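[1] Model the structure of this input:
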Amino acid sequence: MRRPTIPLIYVTIMVVHIRVEQYARGEQAIQSRFSKLKFLLFLPFIAFSIAPAASAVETADQKPLAFTHVTIVDVVDGQLLPNMTVVIERNRIVQVEQTDKALVPKESYVYQAEGKYLIPGLWDMHVHLLDDEKYAFPSLLANGVTGVRDMGASLSQMEGWVKTSSAGQLAPRVFFSGPALDGPKTSGDGTLMQVNLKSEDEAKSAVQALSQYGVDFLKIYTYLPRNMYVAIVDEAKKQGIPIAGHVPFSVSAREASEMGQRSIEHLYGILIASSKQEALIRQKYQNDVPYIFSVDLEAAQSYDEQIAQELFETLASNETHVVPTLVTFHNLLSPMDPSRSQYAPTDVQQFWADYQEKGTANLEYSKSIIRPLYERFLALVADLNQTGVPIMAGTDTLWSEMEPIPNQVFGFTLHDELELLVDAGLSPLEALQAATITPARFMEIADSAGSIEEQKWADLVLLDQNPLEDIVHTRLIEAVVVDGQLLDKSTLQTMVQTFPSHAALSETRE
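    The predicted structure follows:
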């Protein structure tokens with residue numbers, strides 16, 4: 001079982017700087033530093049803990065917290081449990097009982113929650129925090145996202161996350177991969193979030209180094225040659241570390257599943273592996289670096305339902321999870337929305353505006369590819385879900401001039417994704433599971449997360465209305481509990497920051 005990742009606010013970490021080239025060298029001195037770091041990283045709650053935010057409701061001084069008369073949403077089987085009391089001590093749920101039978105400690109901070117609905121904290125299973133944790137952490141928590149899986153960042157950026165949380169900022173739980181592993185050829189300049197490997201030996205050394213660093217999984221990228229993919233998979237099995245990410249062009253989605261890749265992001269490779277022309281398409285692009293969605297669109301023209309169904313059954317049998325990130329495609333097709341973009345820093349808004357206003361040729365090309373694919377992706381998600389392939393909610397939220405996707409805002413965008421999953425055919429319960437119990441099982445932390453049960457982490461979201469009636473109700477947040485810390489509605493409102501619009505700022509400068 002993988003280690004349960006503890007909140008960044010309780011991590012003591014040794015600062016380690018490592019250049020990308022050093023991944024491949026495996027020097028003894030580097031390995032020694034990694035080993036020391038791994039030891040420190042794995043020790044929970046040592047050395048210090050960060051004081052809670054001053055604006056949070058004071059349930060501290062280790063006073064128990066009790067939600068009474070609340071309706072619990074059982075995300076495992078979809079039942080509603082009315083008139084319940086949930087008692088929290090420190091950072092764990094210690095009692096889940098009918099209110100008239102509950103034994104609430106006298107010193108408890110009691111939250112009367114009649115008419116409210118309690119769900120587990122939400123997970124966004126595909127984000128890129130990069131250097132934006134100071135904005136991302138509060139925005140995520142204010143939207144009930146108490147955990148994220150970061151799918152690609154440099155080691156220095158991860159160091160920054162720890163410094164930010166160590167300075168007193170509340171943070172969600174973070175599972176991380178470090179930089180993604182790609183081949184020598186890649187799209188763009190290859191500097192945003194990946195390492196470009198040149199040989200099997202480099203690939204194995206990268207796995208060893210990242211494993212020593214203490215990453216939770218390895219992220220595979222799009223243009224990894226087949227021999228390096230196989231080398232990474234083999235070394236990862238030796239190191240006992242999971243593989244997730246893109247399906248490279250060099251490998252079939254079926255093969256990736258059979259070799260043990262735990263998750264497939266963005267539906268990459270699924271349309272290609274569902275095509276009658278898969279072998280020809282793969283051969284055509286084996287020495288190229290194409291726009292991946294143009295290849296998906298080409299593969300869609302020779303889609304075969306029987307081949308697809310066999311693939312889906314393979315994914316389901318191997319418990320290969322799929323993270324569709326439908327909201328990414330939706331937002332690539334959408335204009336900037338001022339009601340959403342106000343929650344992104346002005347320079348990020350400018351990235352989006354520049355792409356939409358000045359990058360017209362690239363934008364129109366992307367839209368011409370993604371527009372016909374989007375409906376196909378919705379149908380694909382429905383078919384995958386129907387076959388029993390586990391679906392997880394992820395957004396691919398990142399703020400970078402290199403990948404300017406409008407309206408992607410940490411936390412807010414997860415609720416968009418839940419609604420799009422329902423649009424694709426999932427029930428509200430299945431969409432909720434995709435952000436709670438399914439991620440917990442995937443990360444092998446279901447004994448501590450994913451549902452509201454005694455002895456699990458106290459990561460909770462209190463809602464005004466029933467999310468099983470309409471998934472949009474996950475937006476109606478009354479309070480959030482992160483690692484036992486209560487954030488009431490007034491506190492949550494202070495955590496959501498707005499920024500001047502890029503247009504207003506441009507006018508001022510003129």
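
[2] Show me where the stretch 401-510 of the chain has its helices.
    Along the stretch 401-510 of the chain, counting by DSSP state H, counting those that start in this stretch, helices occupy 412-423, 428-433, 437-442, 489-495, 502-509.

[3] Using TSV, please lay out those helices together with mean pLDDT.
    Below are these laid out as TSV (pLDDT from 0 to 100):
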stretch	mean pLDDT
helix 412-423	98
helix 428-433	98
helix 437-442	98
helix 489-495	97
helix 502-509	62
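
[4] Of all those helices, which one is nearest L332?
    helix 412-423 (12.7 Å; Cβ to Cβ). From N, CA and C alone the C-beta is placed, and that goes for glycine too.

[5] buried ones in the closest one?
    Within helix 412-423, the residues that count as buried by 16 or more other Cβ atoms under 10 Å are F412, T413, L414, H415, D416, E417, L418, E419, L420, L421, V422.

[6] Relative to D416, how far out is the last one?
    The spacing between V422 and D416, counted by Cβ to Cβ, to the nearest Å, is 11 Å.

[7] For the residue nearest the centre of the chain, which three-state class applies?
    Geometric centre of the chain, nearest residue: M125, 2.3 Å, by Cα atoms, centre = their mean. Secondary structure assignment for M125 (DSSP: H, G, I helix; E, B strand; the rest coil): strand.

[8] do S400 as well
    Judged by three-state DSSP, the three-state class of S400 is coil.

[9] Give me the pLDDT value at K284.
    On pLDDT, K284 comes in at 86.

[10] same check, this time on the one 4 residues further on
    Reading off the per-residue confidence, D288 sits at a pLDDT of 78.

[11] In CSV: the helices of the stretch 401-510 of the chain, plus distance to D459.
    As requested, the helices of the stretch 401-510 of the chain are exported to CSV (distance: least, Cβ to Cβ, whole Å):
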stretch, distance to D459
helix 412-423, 14
helix 428-433, 14
helix 437-442, 10
helix 489-495, 15
helix 502-509, 34
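
[12] out of these, which comes closest to V481?
    helix 489-495 (11.4 Å).

[13] Check which residues of stretch 220-237 are buried.
    Buried residues in stretch 220-237 (16+ other Cβ under 10 Å): 220-225, 228-233, 235-236.

[14] nearest to K204, of those?
    For the buried residues of stretch 220-237, the nearest to K204 is E235 (4.5 Å; Cβ to Cβ).

[15] separation between the closest residue to the closest one other than its chain neighbours and Q350?
    With sequence-adjacent residues excluded and distances taken as Cβ to Cβ, 6 or more residues apart in numbering, E235 is closest to V207, at 4.1 Å. Distance, V207 to Q350, by Cβ to Cβ: 38 Å.

[16] farthest-separated two in the buried residues of helix 412-423?
    Taking Cβ to Cβ, no two of the buried residues of helix 412-423 sit farther apart than F412 and V422, at 16.7 Å.

[17] how about the strands of the stretch 201-350 of the chain, start to end?
    With strands called from DSSP state E, counting those that start in this stretch, the stretch 201-350 of the chain shows them at 218-220, 243-245, 263-265, 321-323.

[18] could you redo those strands as a markdown table and give each row distance to E313 and mean pLDDT?
    Listed next are the strands of the stretch 201-350 of the chain as a markdown table, based on distance: least, Cβ to Cβ, whole Å; pLDDT from 0 to 100:
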| stretch | distance to E313 | mean pLDDT |
| --- | --- | --- |
| strand 218-220 | 23 | 98 |
| strand 243-245 | 21 | 98 |
| strand 263-265 | 15 | 98 |
| strand 321-323 | 13 | 98 |
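
[19] Which stretch among those approaches I119 most closely?
    Going by Cβ to Cβ, the one of the strands of the stretch 201-350 of the chain nearest I119 is strand 321-323, 20.0 Å.

[20] that older thread, neighbour-wise, which of V207 and Q350 wins?
    V207 (25 against 18; other Cβ atoms under 10 Å).

[21] wouldn't V381 be in contact with L326 here?
    Yes: counting by Cβ atoms under 8 Å, V381 does reach L326; the two are 6.9 Å apart.

[22] ranges for the helices of the stretch 201-350 of the chain?
    226-239, 253-258, 270-273, 278-284, 292-300, 305-317, 326-332, 338-341, 346-358.

[23] so what secondary structure elements neighbour the longest one?
    With contacts defined as 3 or more Cβ pairs under 8 Å, 6 or more residues apart in numbering; DSSP states H and E, helix 226-239 has these neighbours: helix 200-213, strand 218-220, strand 243-245.

[24] Perfect, that will be all.
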